[in-house]
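Colleague: Curious how this folds, go ahead:
(3 chains)
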Amino acid sequence: MLEEPHDIALTVNGVHRTARAPARRLLSDLLRHDLGLTGTHVGCEHGVCGCCTVLLDGDPVRSCLLFAVTAAGHEVTTVEGLAAPDGTPSPVQRAFRECHGLQCGFCTPGFLCTVTALLRETPRPTEDQVLEGISGNLCRCTGYQNIVKSVRRAAELAAADGAATDEGTA
Amino acid sequence: MGTRVFGEPVRRREDARLLTGRGRFLDDLGRDALAAAFVRSPHAHARVLDIDVMDALDVDGLVAVYTSEDLPGGVGEPLPLLIPHPALTHGRTAYPLARGIVRHVGEPVAMVVARDRYLAEDAAERVRVEYETLPAVVGIEAATRAEHLVHDDVPGNVGAVLVQETGDAAAAVDAAPHRLEFRLSIERSASTPLEGRGVYARWDADDGSLRVYTSTQASTGVRAAIAARLGLPNGKVEVIAPDVGGGFGVKIVHPWPEEVLVPWAARLLGREVKWAEDRREHFVSAAHERGQVQDVRVGFDGEGRVLGLDVRIRHDHGAYTPYGIIVPIVTSTQLLGPYRIGAYRAEVTSLYTNTVMVTPYRGAGRPQGVFCMERTMDRIARHLGLDRADVRAANLIQPDEFPYDQGLTFQDGRPLVYDSGDYPELLRRARELVGWDGFEADRAAAASRGRRVGVGIGIYVEGTGVGPYEGGHVEIDTAGRVHVSTGLTSQGQSHETVFAQIAAAELGVPLADVRVTTGDTRRFGYAVGTFASRAAVMSGNAIALACRKVRAKALRIAGEALEADPGDLDIADGVVHVKGDPSASLPLRTVAVLSNPLRYAFDAETAAATQFATGRPVTEPPVAPGDEPGLEGRDYYSPVRSTFAAGAHAAVVEVDPDTAEIAILRYVVVHDCGRLVNPMVVEGQIHGGVAQGVGGALYERMVYDGSGQLLNASFMDFLMPYATEVPRIETDHLETPSPLNPLGVKGAGEAGVIPVSAVIASAVEDAEGIRIDAMPLSPDDLFALRRQVESAGGVASAGMGERGACDLGGGAGGVASAGISERGASDPGGGAGGVASAGISERGASNPGGGAGGVARGAGDLQPRQRVDDNAVAARQRRNRDTSG
Amino acid sequence: MKPPPFRYHAPRTLEEALDVLAADPSAKVLAGGQSLVPLLNMRLAAPSALVDINRVAGLDVLRVRDDGVRVGALARHARVERSAEAGAVQPLLRLALRHVAHPVIRNRGTVVGSLAHADPAAELPAVLALVGGTVEVASAAGRRTVRADAFFRGPLEPALEPGDLAVSAFFPALPPRTGAAFAETSRRHGDYALAGAAATVALDRDLRVTSARAAYLGVAATPLVLDLTGAAGPAGDWAAASAHVLERVEPEADIHASADYRRHLTGVLTARVLRAAAAGALRDLRKAEGC
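Modeller: Next up is the predicted model:
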């Protein structure tokens, strides 16, 4: 069967992007293969591992469980879009580096997106909230010890950044 | 070593790209490549009668379909038996595409190449294969019965019988004052990296050369295999391991069928071809591990000292044996652990089954061996009524006994001689850290609140850094940058950082100036691979040795330029200087220029090295005999035998009297891998290992049905732990340097995983008073064990004094009895509120769970010494916490 | 693991959606996709067409009134879970939603989608069945309201015919002097439950139990609702209620748990949820007295 291609337009990391793809193209594949944003990884393609997590209109979602056509017209943020426009790493990125929160780095983009949203919703998470927040992401390298540490550290860094910004604007 | 970088928790060089989405993993490459997909057998054992591809040809975007008939010469022949061994009398390997017979679900039967993976899967679905199913051999018992054979020409399904022995174990057991005999078993699990396997190949027709990217632990091995199969010289094949998303053993096997077929198709089609394994393929067509049944006979004296140990191990090898019998060899040798055992005999029978093949997974046979030894220690202690840790202590090799020869042959074909260690100190620290000696009080306190807890311990020795060799190449360029390369690969072990630390320390250069390349045959062509916790030992030392050569050369050249004796020179911060006279100095970048006598200058710097610029004596050749141009060096490290790391782990667990759920309240690790290059990285390795161990102990198993279907081939049903399942891990380090290598290091990669099943089994047994013989242990398994004990009329064993007190649920399993609503004081949820009815208590609102809620809150009381955050424990326990509205 | 090809429709209005569904009876509805897309990726389902309702106006309602909570087909789990108003009127929604997979899945998955998937191991069908809720079903032919007990016909078999679209579900409010609780046991946090139970308990002013009901997931082909009022008696003998339940559940074994263990868990969870629900009712009563 010949598949009808769809014109898909969406905003990725603040940039308007278009692609032509069949309806069955998963958002993960569109990002990676059509748009060349390979930072989003694919670990299971059935929604369990969390490697492919991206932000859809700010909320973390599994990009392997979303058709690109469904995401058309929405805003997507991937790991490539987490740093500041000038390239300064985000508090979450900095914290993961500082706390050795990654080893092979394959699951990391999913964690970074998940944690970014978690801390925006809950800037000072309890231990319970941290675990619940990352409970849908698998990591096979770190045993999660340093990921949990990274989340706590990211909260501190974000708070410090926020304080600095407040001072700057005051 | 002037610069303080060796031994420091230096932050990782890898992270900048991995944190910003700029990592380059296999499927991130080759955006325009054609995609391969495979038609895989749905049957565990079948004859392939016919393959009809006609229907697939209609798929738009299809480029090619191949079956075994299409594969020429070496491409279609059985894959190599990588590690032959005299005991492996019936080694068997698979064809890249099945020829005649398939022997496990997932075995590749046909390859499809199409414009993209979606279309390739469409086409693969339309390839019709006619099978005649044959009886499947599934599981160790069926393989032993051998009513059916996996390979027609392998009688009894026995691929190998391996015997390791010292002394007459049977006689020693028979003569011992105490004897025990029992059976243990451990289930299948798998490496399961989050990135599957994958291969991407480009053929350069003009050059007649092939470039292959593959997600491997052994790029040089893959190169040799591809070159041989495709009839190319090694020099025309480049193999690169890009960023690899975890390996844990499964990616050491090579060549995988796909690693032969994808490059072959790329050459044939003259197009780039890529295969990125999906998760389902990984479960049924990569490799698994663990999977043993052990029959143990042990004889011991009244203090628990083992006088004789006779173990018969049946090892499930799956359908093929390309990686030889490394796993059973490791089990049978490392089983002895830190102990001085009287006479020992291990006989391993390696059995074929119609399941995915078994090759090393982190630990590589050690978890099974340690499970056997440590369960044995617990049995001995219980039999004699002695403390479990004391029995272990009575058997330990003492620090003054090194080097200690166990009298066996290790996996490298060399004597099993332990190089160094302090096992009593490991045990002492683990006891102290976990609060072993005060645990009875903790247990009683917990029991008084209706909670059931137990403590377990386990010790292991791990042979690390096996040969034959690794090499390192170090070059300082004219900008002062240091390029380090080694042939072994990286899958997250932080090699870029750790090797840079070694080089920076050896050379006296800033860490920021060092760049490390691993696993790229273009940069370093001789290597073995990354496995057996060997990278730091092998490549680390090779790089150190190469650095020492470069350093000597730099000092010699600088000495000439500075008119100083090289012995009076030192290097700091990338500058060679005369000791005690910082003004007489020369930067390494200038030394690099001087090291290469030039005819042509390409910039102002290099002009200094041209023939009219240097003041070298005209009677000498510009490059002295035996010397080479360039400030670079290469060296290899090839050890006589392995180094032996060791550790002691201990855990406190709580079991829910009602639901049989098992929670790990504390997990402590005392670890000795010799000198630490980067403690942060070593800790990370331990954490990851323990988490995999927890998976293997409580969650992960490969569930096959009788027909050989893998029933849980997804992350939904193969239960890899999330953050919510892994306890906080407390670590402590001991540093007993290895005398065998220049850096004094031992490997650390596998340490975390090795004793976890043994430790958890020990702790659950302690909590329940029910013998634990098989791992992993699910709540359902524990529930079934409780039922068995109940129907057998009571507690399984004596010597569990506290059990009566914590056995809340009683014979009825805590449900049918009045315990639910009228438990009174023993139930933290019931009655405490003192409200009208026994069943209706306000307290229950905050703690309806009883067991689970109680675990969480009480954790702090249980272990006053512990540093565990109660909230963290609480969160972990949440699984079963209900909340009222 | 790539989905097979399908025709794709993205209607903007309900009428348009129903027309498309009527025209192609084998079309499947795509809302959150958290259950459907894995099935597609594994090629365990291959519908001829998908009707993506994510752009249909008016389906994202979350209407909370004193009598209950109406949840539209596009209301995501996370939104319902976070709604304090919905939680106040029918606490079981929130209590159960916390157990639905992981937060990231709940950001996308929908309550109505979960009901329409009719997985007997899922949390929300049990809740709808326990509280006597309904599903509003629309088709080109008209609308109908289906009671929960009629909606769950079998495992993965909702009472939806070709051309039907479940447009909303209604969860009636918790009656006064009634407490509710939810508990489940799963292997890993966020996994499907090995067994789970939801309960409501109502008390009179003399603290006598006037109603005790429980619904179970993971232990039968459809959500199983049991009235335990008689078994528990006015004093709330939860052990007796548990024993009563054990005789009435016939769970099946799978790779994660034996039938025996599931049955056993059902008993344990029964006591836990009834006790917790009773405590909730007591609190409710005390609060009312306090006013």
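Colleague: What about the residue of chain B found nearest chain A, how many residues nearby?
Modeller: The nearest approach of chain B to chain A comes at B:Gly21, 1.9 Å away (CB to the nearest CB). (C-beta placed from N, C-alpha, C; glycine too.) When neighbours are defined as other CB atoms under 10 Å in any protein chain shown, B:Gly21 has 23 of them.
Colleague: Name the nearest residue to it, ignoring sequence neighbours.
Modeller: Computed as CB to CB, 6 or more residues apart in numbering or on different chains, the closest residue to B:Gly21 that is not its neighbour in sequence is A:Gly39, at 1.9 Å.
Colleague: Repeat that for B:Leu384.
Modeller: B:Gly304 is the one closest to B:Leu384 (CB to CB, 6+ apart), at 5.6 Å.
Colleague: Run through the residues that contact that neighbour.
Modeller: B:377, B:380-381, B:384, B:386, B:390-391, B:394-395 (CB atoms under 8 Å, 6 or more residues apart in numbering or on different chains).
Colleague: now do 6 Å
Modeller: B:380, B:384, B:386, B:391, B:394 (CB atoms under 6 Å, 6 or more residues apart in numbering or on different chains).
Colleague: what's the farthest-apart pair in the residues you listed?
Modeller: B:Leu384 and B:Ala394 (10.2 Å; CB to CB).
Colleague: Does the residue of chain B closest to chain A belong to a helix, a strand or coil?
Modeller: Secondary structure assignment for B:Gly21 (DSSP: H, G, I helix; E, B strand; the rest coil): coil.
Colleague: returning to that earlier point: quick check: the residue nearest to B:Leu384 vs chain C, distance?
Modeller: Distance, B:Gly304 to chain C, by CB to the nearest CB, to the nearest Å: 36 Å.
Colleague: For that residue, pull up the helix or strand it's in.
Modeller: Here B:Gly304 is covered by no helix or strand, with elements defined by DSSP states H and E.
Colleague: So which of the contacts of B:Gly304 is surrounded by the most neighbours?
Modeller: B:Ile380 (25 neighbours).
Colleague: so what's that one closest to, chain neighbours aside?
Modeller: Nearest non-adjacent residue to B:Ile380 (CB to CB, 6+ apart): B:Gly304, at 4.8 Å.
Colleague: confidence score at the one you found?
Modeller: Model confidence at B:Gly304, given as pLDDT, is 98.
Colleague: With B:Asp869 instead?
Modeller: Reported pLDDT for B:Asp869: 35.
Colleague: ok, how many other residues are close to residue 88?
Modeller: No chain specified, so I'll use chain A. Quick note: A:Thr88 (other CB under 10 Å) scores 11 neighbours.
Colleague: hm, I was asking about chain C
Modeller: The burial count for C:Ala88: 14, using other CB under 10 Å.
Colleague: Over to the one 3 residues further on?
Modeller: For C:Pro91, the number of neighbouring residues by other CB under 10 Å comes to 23.
Colleague: ok, the residue most central in space within chain A - contacts?
Modeller: Ranked by distance to the mean C-alpha position of chain A (CA atoms, centre = their mean), the top residue is A:Cys113 at 2.3 Å. Under the criterion of CB under 6 Å, 6+ apart, the neighbours of A:Cys113 are A:53-55, A:60.
Colleague: Low-confidence regions, chain C specifically.
Modeller: Low-confidence segments of chain C (pLDDT under 70): C:290-291.
Colleague: Closest to the centroid, which residue in it?
Modeller: Centroid-nearest residue in chain C: C:Leu124, 1.4 Å away (criterion: CA atoms, centre = their mean).
Colleague: mind checking how far it is from chain A?
Modeller: 18 Å.
Colleague: Can you check what pLDDT the model gives the residue nearest to the centre of chain A?
Modeller: 98.
Colleague: a helix runs through it, doesn't it?
Modeller: Yes - counting by three-state DSSP, one finds A:Cys113 located in a helix.
Colleague: who's the closest residue to it other than its chain neighbours bridged to?
Modeller: Residue nearest to A:Cys113 in three dimensions, not counting chain neighbours: A:Thr53, with 4.8 Å by CB to CB, 6+ apart. Note on A:Thr53: beta-bridge partners by DSSP bridges are A:Arg62.
Colleague: thought A:Thr53 was touching A:Cys64?
Modeller: No - at 9.2 Å, A:Thr53 does not count as touching A:Cys64 under the criterion of CB atoms under 6 Å.
Colleague: Which one's more surrounded, those two?
Modeller: Remark: of A:Thr53 and A:Cys64, A:Thr53 carries more neighbours, 31 against 28, as counted by other CB under 10 Å.
Colleague: Look up how far A:Thr116 lies from that one.
Modeller: Applying CB to CB, to the nearest Å, the value for A:Thr53 to A:Thr116 is 10 Å.
Colleague: same question, B:Ala504
Modeller: 33 Å.
Colleague: Please apply the same query to B:Leu777.
Modeller: Per CB to CB, B:Leu777 is found 37 Å from A:Thr116.
Colleague: Over to C:Leu74?
Modeller: For C:Leu74 relative to A:Thr116 (CB to CB), the value is 25 Å.
Colleague: and if you look at B:Gln334?
Modeller: Taken as CB to CB, the span from B:Gln334 to A:Thr116 is 43 Å.
Colleague: Minimum distance to chain C, which residue of the stretch 51-200 of chain B gives it?
Modeller: Taking CB to the nearest CB, the stretch 51-200 of chain B has B:Tyr118 as its residue nearest chain C, at 4.3 Å.
Colleague: returning to that earlier point: quick check, the residue nearest to B:Gly21 in a helix?
Modeller: No - read with three-state DSSP, A:Gly39 is coil and lies in no helix.
Colleague: OK, contacts around B:Glu462?
Modeller: B:645, B:751.
Colleague: Now name the helix or strand holding it.
Modeller: strand B:452-464.
Colleague: Mind checking what helix or strand follows that strand in sequence?
Modeller: Per DSSP H and E, the first helix or strand lying C-terminal to strand B:452-464 is strand B:470-476.
Colleague: quick one: strands adjacent to that following strand?
Modeller: Sheet pairing here is set by DSSP bridges, and for strand B:470-476 it gives strand B:482-486 (antiparallel), strand B:632-637 (antiparallel).
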